[in-house]
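Fold the following.
(2 chains)
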Number of protein chains: 2
Amino acid sequence: MSLVVMKFGGSSVGTTERMQRVAQRIIEKKEAGNKVVIVVSAMGDTTDDLIDQSKLLNPNPPAREMDMLLTTGEQISVALLSMTIHGLGHQAVSLTGWQAGIRTEDVHAKARITDIKPERIFKALEEGNIVIVAGFQGMTEDGEITTLGRGGSDTTAVALAAAVKADVCEIYTDVDGIYSTDPRVVKNARKLDEISYDEMLELAHLGAAVLHPRAVEYAKHNNVKLVVRSSFTHNEGTSVKEEAVMEQGVVVRGIAFDKNVARISVLGVEDVPGVLAGMFGALAESGIDVDIIVQSGVQGGKADFSFTVSGDDRERAIAVIESIRSKVPYLETTSEANLVKVSIVGAGMVSNPGVAATMFKAISSIGVSIKMVSTSEIKVSCVIDSEPLGDVVRALHTAYGLDTAEQVFVGGPQDRR
Amino acid sequence: MSLVVMKFGGSSVGTTERMQRVAQRIIEKKEAGNKVVIVVSAMGDTTDDLIDQSKLLNPNPPAREMDMLLTTGEQISVALLSMTIHGLGHQAVSLTGWQAGIRTEDVHAKARITDIKPERIFKALEEGNIVIVAGFQGMTEDGEITTLGRGGSDTTAVALAAAVKADVCEIYTDVDGIYSTDPRVVKNARKLDEISYDEMLELAHLGAAVLHPRAVEYAKHNNVKLVVRSSFTHNEGTSVKEEAVMEQGVVVRGIAFDKNVARISVLGVEDVPGVLAGMFGALAESGIDVDIIVQSGVQGGKADFSFTVSGDDRERAIAVIESIRSKVPYLETTSEANLVKVSIVGAGMVSNPGVAATMFKAISSIGVSIKMVSTSEIKVSCVIDSEPLGDVVRALHTAYGLDTAEQVFVGGPQDRR
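Just a heads-up that it's a prediction; the model follows:
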């Protein structure tokens, strides 16, 4: 008998019909002889509706009260899902985050899970129940209700899987699994059977919205076997694990891209200690997320460097830089919007020279110039103009041999002979 | 410095504007130098909406899961009210039932409060907060979320007032207070300054929906000073207490009526022990509330008796009686719908002979015949035809001297000289 954690997102339970389908799916898993722990997000637009309601009363509400408000969304989901399962003749018990023993640090809106005391879950499982836990929420030592922030339900699922020592943590989504790149851009994009935690982490940070990076980190740290799969089909999905098998001769796992990127360059900065810390500290304090940072060297005691932010933050970021000019002197700033960051990710590239060169060549071969480059052990990112993004991604997909996918067999097992 | 519990119902916080007004009202109380604990119900139609949603998924959901679902309504209210108060520049902390230390018995949908551990409320008050507690909910010893059933938020308010030893528990409603009778029926109906717990209990049971009987019982038992007042005006309201002052010469406090009453008579019942228990036990098991029961004597070993139920339950009640005919033999049943029960209530009547006679005379003087009579120490109820109810109530109001109200002074204190 296996112990399985299944996580369903808000859109999977957004309508009565979908809720019924998810319940059926869960019952199938139970009837196949598994113990089942479910994690659910708030239904459809519930969270947004609650936020809208709160803004009418206080445009800037305290985070503690926002957590009180928003956690009701998941509580509604778990109660309704449990009722649905009961309606289909099976036993289920819903639990809030605090009832499920999920302890977090004493921070609102983005708490981290510190501990899970799963006794109550075990007891309910022993009694033959399907256990349904509200995602995204927990409780501090002092009994304060907290939320885990973006991607919180994924994190709840992974943390619960680790705490109850589940055999697998299945994340159900709108898509079949993790793809080599966005199928809307590259027709030949293919679903990956496996991917490593590190590769998944890079892809998640790069905007592949399927899994939240924090959940992937938690899974990696606790060695939880993750499977990303569709809540609408019974296809196999993508396994996320420590060591993922690579096909012969393939070094790149997938290609990600991030639109609406702006580059800001600060030229002629006095090269004194603390300059970078001052500048990026000021940006962080203003809540501006900086992605790539490139410094190109120092000449005559002055340095030029460039960084990227979301296109929405471009003007604010420039204002911040100007506001600290007296503390961090520089000659001028330049900036450019409407850029994209395209990245190749693959654990194999660290031992394969020339991977980056292949990327630069593929991009330049279609006449696109590269504005910034950033590399890590398993990733190369290039910032380029947003047009023609599709051509660039398709060129890279081909250049790294990702088009020549294994054949996808349609039909029953006999076809696979 | 006084400690005040203020309770607001769902309609008082049903819109953004009303929520703002309630917040303002609470802040006034705080700024007048009081410590303030608030109890709120779910906003407007929230509870009904949640019930509707659940019915789509399971027409007969488990009570435990229903409690999980419905308690979110009050959690949303307290969070939004707290945010609103913060938006107006004051400190507030919202608490769920379990956070407020409200323990209940292990029953769903209609749990009774067994204990309140108010440490957390005291701590939040000490820190200068307005404390906002979700009504209608609590937690069992095992950490299960429960609801208190109908009128639960009133009960929460009274129980909290007892636990924190509040100086007063103010119940804010749509009306100015408790009236001598329904002002929609009798233009001269007047607001009572005071009423005793027992009188309030009778009136509450008689359909005066302002306060739930369970809350009144709790207040009486714990000697909590209750005030019923309007959330829309600053009028004084009605005090509910142990001994309420009566005006000279007035023995009836108020007149209540209950529409949609049906009478069922069972004739020629074999007078053997256990007959009544069998019949009313069967009705209770079928969930039918029986109100007045009258037995008119035994003749020749057979008894006739009559009882009233809600008009909606009439046919079901007759079916139950027929279904047990083999165990409880009788000759026949008769029944009549579209009746009303009109009642006079007053603690003084026990020592005043002739109070009932005045009632019978007033009713018969306008040509209405009385079908059933039931009396208690502080109440006389008559079941009559539903027309002309207004004339009957007005006649009684006059007969008991309730029209000759004390003058109501409008304006400032100088007018009272």
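
The longest helix along chain A vs chain B: in contact?
Determined from DSSP state H, the single longest helix within chain A is helix A:63-87. Yes - applying Cβ under 8 Å from any Cβ of the partner chain, one finds helix A:63-87 touching chain B at A:64-66, A:68-69, A:71-72, A:75-76, A:78-80, A:82-84, A:86-87. For glycine as for every other residue, the C-beta is placed from the backbone atoms N, C-alpha and C.

measure the residue lying closest to residue A:169 once chain neighbours are set aside to chain B for me?
Nearest non-adjacent residue to residue A:169, counting by Cβ to Cβ, 6 or more residues apart in numbering or on different chains: residue A:161, 3.7 Å away. From residue A:161 across to chain B, the span is 22 Å (Cβ to the nearest Cβ, to the nearest Å).

Would you double-check that residue A:161 falls in a helix?
Yes - using DSSP: H, G, I helix; E, B strand; the rest coil, the secondary structure at residue A:161 is a helix.

check contacts around it.
Neighbouring residues of residue A:161 by Cβ atoms under 8 Å, 6 or more residues apart in numbering or on different chains: A:5, A:37, A:168, A:169, A:219, A:222, A:224.

and if you look at residue A:77?
A:10, A:13, A:40, A:41, A:42, A:43, A:46, A:134.

Name the nearest residue to it, ignoring sequence neighbours.
Nearest non-adjacent residue to residue A:77, counting by Cβ to Cβ, 6+ apart: residue A:40, 4.4 Å away.

Residue A:134 is in contact with that neighbour, correct?
Yes - taking contacts as Cβ atoms under 8 Å, residue A:40 lies within contact range of residue A:134: 6.9 Å.

These two - which one has more neighbours?
residue A:40 (33 against 30; other Cβ atoms under 10 Å in any protein chain shown).

just to revisit the earlier point, quick one: buried ones out of the contacts of residue A:161?
Buried subset of the contacts of residue A:161 (neighbour count, 16 or more other Cβ atoms under 10 Å in any protein chain shown): A:5, A:37, A:168, A:169, A:219, A:224.

about what we covered before: say whether chain B is contacted by the helix or strand just after the longest helix of chain A.
Sequence-wise, the next helix or strand beyond helix A:63-87 is strand A:92-95, with elements assigned using DSSP states H and E. Yes - contact of strand A:92-95 with chain B (Cβ under 8 Å from any Cβ) involves A:92, A:93, A:94.

Partner strands of strand A:92-95, with direction?
Here strand A:92-95 is paired, per DSSP bridges, with strand A:130-134 (parallel).

so the strand it pairs with versus helix A:63-87, what angle?
Counting by axes from the mean of the first three to the mean of the last three Cα atoms, to 10 degrees, strand A:130-134 lies at 160 degrees to helix A:63-87.

Report pLDDT for the residue of chain A most remote from its centre.
What lies farthest from the middle of chain A is residue A:300; by Cα atoms, centre = their mean that is 42.3 Å. Note for residue A:300: predicted pLDDT of 80.

Give me the distance between it and chain B.
For residue A:300 relative to chain B (Cβ to the nearest Cβ), the value is 53 Å.

first to last residue in stretch A:356-374, what's the distance?
One end of stretch A:356-374 sits 10 Å from the other (Cα to Cα, to the nearest Å).

For that stretch, buried residues please.
For stretch A:356-374, burial by neighbour count (16+ other Cβ under 10 Å) applies to A:358, A:359, A:362, A:363, A:368, A:371, A:372, A:374.

Restricted to strands, list those.
A:371, A:372, A:374 (DSSP state E).

Can you give me the neighbour number for the residue nearest to the first one when sequence neighbours are not counted?
Beyond its immediate neighbours in the sequence, the residue positioned closest to residue A:371 (Cβ to Cβ, 6+ apart) is residue A:383, lying 4.8 Å away. Other residues near residue A:383 number 24, with proximity taken as other Cβ under 10 Å.

didn't residue A:383 look like it was pressed against residue A:294?
No - in this structure residue A:383 lies outside contact range of residue A:294 using Cβ under 8 Å: 9.1 Å.

which neighbours do the two share?
Counting by Cβ under 8 Å, 6+ apart, the residues touching both residue A:383 and residue A:294 are A:372, A:373.

Output the contacts of residue A:77 as a markdown table; include the columns pLDDT, secondary structure and distance to residue B:59.
A markdown table is the format used below for those (pLDDT from 0 to 100; DSSP: H, G, I helix; E, B strand; the rest coil; distance: Cβ to Cβ, whole Å):
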| residue | pLDDT | secondary structure | distance to residue B:59 |
| --- | --- | --- | --- |
| A:10 | 90 | helix | 25 |
| A:13 | 93 | helix | 19 |
| A:40 | 97 | strand | 21 |
| A:41 | 94 | coil | 25 |
| A:42 | 94 | coil | 24 |
| A:43 | 94 | coil | 19 |
| A:46 | 91 | helix | 22 |
| A:134 | 97 | strand | 24 |
